[in-house]
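Peer 1: heads up, no residue letters with this:
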């Protein structure tokens, strides 16, 4: 019931008008959203950089409803890349294909992706293609692997451990030498597609991280780029201390240096762990969302899993 409520509210304009007027709503959102403007996001990235932490910027606004809106999203992403270069920041961009037309025209979406990748490559930068819910998994992988085959090696993919298919998908992208961000997965998926228990998801996550670390070892442990923009082969994206420790211990057992394993976390969550990992010599990258569409982002995030409500509220008061 709680989940349905958040999903319902995320789509209601009247609820957005009402809730965004509450000061508390923005104070809560601003704990996890860097601001509404690119300038505010850049200030957040500069603050992270002072702590030795890299960033991946995401301009909120997936599920565009027209090709013109998708083209506008592309223009904004190009503006972000330009600003990163102008300021010399250790940051790249994360994008969702539904933001650049995947739900409207897959071919135009691919051409939009190419435009972004070419612009990023000209600036020695990197683009992380985020994974969305399961109805977009196959299309996202297909377009990403097409880009790799077309020579765009400055792109990386996200895989979600809770999907049954991910072990096979991992082998497929590893065969192409892809850079991978492993996440547990946060969308609400049916039992027919995803592991239903936390224990099973954790086991899958650890198994896949270990598989990627083994591949990293065989590849000679390629590390983070000197400017902090291009990540190592493997990015472990988790706030779970047990998952983080498993990755650290496995890397140590395989004699993989710290600089070849990047940990990624969300803006505003577990800053203490982010800073400790950076002090320990690991590359750390924070996912920094920004934009005026923070309300749907926050509601959907809470609605994806009811447990996120307590997680979000507890982190509101935690550094």
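Peer 2: Sure, I can see it. Please read all numbers here as calculations on a predicted model, not as lab measurements. Residues are numbered from 1 along each chain as shown.
Peer 1: from here on, contacts and neighbour counts on C-alpha atoms
Peer 2: Fine.
Peer 1: At which residues are the strands of the stretch 201-319 of the chain located?
Peer 2: With DSSP state E, counting those that start in this stretch, the ranges of strands along the stretch 201-319 of the chain come out as 234-237, 261-266, 284-290.
Peer 1: Let me have the ones you listed in CSV, adding distance to residue 165 and mean neighbour count as columns.
Peer 2: Converted to CSV, those look like this (distance: least, C-alpha to C-alpha, whole Å; neighbours: other C-alpha atoms under 10 Å):
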stretch, distance to residue 165, mean neighbour count
strand 234-237, 19, 25
strand 261-266, 23, 24
strand 284-290, 25, 26
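Peer 1: how about those in JSON lines, adding distance to residue 57?
Peer 2: Shown next, in JSON lines, are these (distance: least, C-alpha to C-alpha, whole Å):
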{"stretch": "strand 234-237", "distance to residue 57": "15"}
{"stretch": "strand 261-266", "distance to residue 57": "11"}
{"stretch": "strand 284-290", "distance to residue 57": "5"}
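Peer 1: export those strands to CSV and tack on mean pLDDT?
Peer 2: Supplementary listing: the strands of the stretch 201-319 of the chain in CSV, determined by pLDDT from 0 to 100:
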stretch, mean pLDDT
strand 234-237, 97
strand 261-266, 96
strand 284-290, 97
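Peer 1: Tell me which of these lies nearest to residue 216.
Peer 2: Closest to residue 216 of the strands of the stretch 201-319 of the chain, according to C-alpha to C-alpha: strand 234-237, at 7.5 Å.
Peer 1: which secondary structure elements does that closest one contact?
Peer 2: On a contact count with 3 or more C-alpha pairs under 8 Å, 6 or more residues apart in numbering; DSSP states H and E, strand 234-237 meets strand 179-183, helix 198-218, strand 261-266.
Peer 1: about what we covered before: which among the strands of the stretch 201-319 of the chain is found nearest to residue 74?
Peer 2: Nearest of these (C-alpha to C-alpha): strand 284-290, 15.2 Å.
Peer 1: quick revisit: okay, the helices and strands packed on strand 234-237 in TSV with distance to residue 107 next?
Peer 2: Shown next, in TSV, are those (distance: least, C-alpha to C-alpha, whole Å):
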stretch	distance to residue 107
strand 179-183	23
helix 198-218	31
strand 261-266	31
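Peer 1: Report the buried residues of stretch 32-42.
Peer 2: For stretch 32-42, burial by neighbour count (16 or more other C-alpha atoms under 10 Å) applies to 32, 33, 34, 35, 36, 38, 41, 42.
Peer 1: Show me which of the residues you listed has the smallest pLDDT value.
Peer 2: Among these, residue 32 carries the lowest pLDDT, at 82.
Peer 1: contacting residues for that residue?
Peer 2: 266, 267, 268, 269, 289 (C-alpha atoms under 8 Å, 6 or more residues apart in numbering).
Peer 1: Tally up the residues packed near the third one, please.
Peer 2: As a burial measure, residue 268 scores 20 neighbours (other C-alpha atoms under 10 Å).
Peer 1: Phi first, then psi, for the closest residue to it other than its chain neighbours.
Peer 2: Closest residue to residue 268 apart from its sequence neighbours, by C-alpha to C-alpha, 6 or more residues apart in numbering: residue 32 at 4.9 Å. Residue 32 adopts backbone torsions of phi -130, psi -10, taken as degrees, to the nearest 10.
Peer 1: Residue 52 versus residue 32, what's the distance?
Peer 2: 19 Å (C-alpha to C-alpha, to the nearest Å).
Peer 1: hang on, the earlier thing: quickly check the contacts of residue 32 for the two that are furthest apart.
Peer 2: Maximum pairwise distance among these (C-alpha to C-alpha): 12.6 Å, between 269 and 289.
Peer 1: of all the helices and strands packed on strand 234-237, which lies closest to residue 87?
Peer 2: strand 261-266 (22.0 Å).
Peer 1: Just list what that closest one packs against, helices and strands only.
Peer 2: Applying 3+ C-alpha pairs under 8 Å, 6+ apart, one finds that strand 261-266 contacts strand 234-237, strand 284-290.
Peer 1: Show me what the last one is in contact with.
Peer 2: Under the contact criterion C-alpha under 8 Å, 6+ apart, strand 284-290 has outside partners 32-38, 41, 45, 53-60, 94, 262-267, 274, 277-278.
Peer 1: same question, the shortest one
Peer 2: For strand 234-237, the external contacting residues (C-alpha under 8 Å, 6+ apart) are 179-184, 209, 212-213, 216, 244, 247, 260-265.
Peer 1: how does it look with 10 Å?
Peer 2: Counting by C-alpha atoms under 10 Å, 6 or more residues apart in numbering, strand 234-237 makes contact with 156, 158, 178-185, 205-206, 209, 212-213, 215-216, 221-224, 243-244, 247-248, 260-266, 283-287, all of which sit outside it.
Peer 1: can you check stretch 36-48 too?
Peer 2: With C-alpha under 10 Å, 6+ apart, stretch 36-48 has contacts from 30, 33-35, 49, 51-60, 76, 79-80, 83-84, 87-91, 267, 274-275, 284-294.
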